[in-house]
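Student: Sharing a sequence plus its predicted fold:
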Amino acid sequence: QVQLVESGGGLVQAGGSLRLSCAASGSILSINGMGWYRQGPGKQRELVATITSSGSTNYADSVKGRFTISRDNAKNTVYLQMNSLKPEDTAVYYCNMGVRTLEGVSRILFQYWGQGTQVTVSS
């Protein structure tokens with residue numbers, strides 16, 4: 001079984017910074033892509049940023065230049081550094097990982113989600 005545990009959310013004033021972390025644990029063979037998504041009040045979940053196993057990154061236009069995604073493969077952890085935060089960044093942030101595990105003799109790839117962490121930016 002694989003678990004993703006997030007940390008680092010909280011309340012911050014506009015212009016401030018937060019750093020989110022998401023650590024995977026369990027019987028992990030390898031992790032492919034990692035990413036962060038968010039869901040604001042009354043909105044659908046949207047992609048924030050992704051990072052491949054080789055380190056290539058992709059960002060939503062709304063966060064480009066302000067957010068940075070990174071990963072530590074030795075720790076099975078993905079980070080999201082958020083700077084110059086705006087009230088419209090207020091949302092529950094979820095991490096996502098493509099984790100490969102061994103099920104019997106088969107290698108299974110499955111998308112796992114964290115439990116979500118609240119980020120609130122006050123104006």
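Tutor: Noted; the coordinates are in hand. Residues are numbered from 1 along each chain as shown.
Student: quick one: low-confidence parts of the protein?
Tutor: Along the chain, no part satisfies pLDDT under 70.
Student: what about the helices in it?
Tutor: For the chain, applying DSSP state H gives no helices.
Student: Name the residue most distant from the centre of the protein?
Tutor: Distance from the centre of the chain peaks at Val105, with 29.9 Å (C-alpha atoms, centre = their mean).
Student: Could you tell me how far it is located from Gln1?
Tutor: Here Val105 is placed at a distance of 18 Å from Gln1 (C-beta to C-beta, to the nearest Å). No exception for glycine: its C-beta is placed from N, CA and C like everyone else's.
Student: Repeat that for Ser54.
Tutor: Distance of Ser54 to Gln1, given as C-beta to C-beta: 27 Å.
Student: Would you agree Ser122 is in contact with Gly10?
Tutor: No - Ser122 is beyond contact range of Gly10, at 11.1 Å (criterion: C-beta atoms under 8 Å).
Student: Before I go, just wanted to say thanks for your time.
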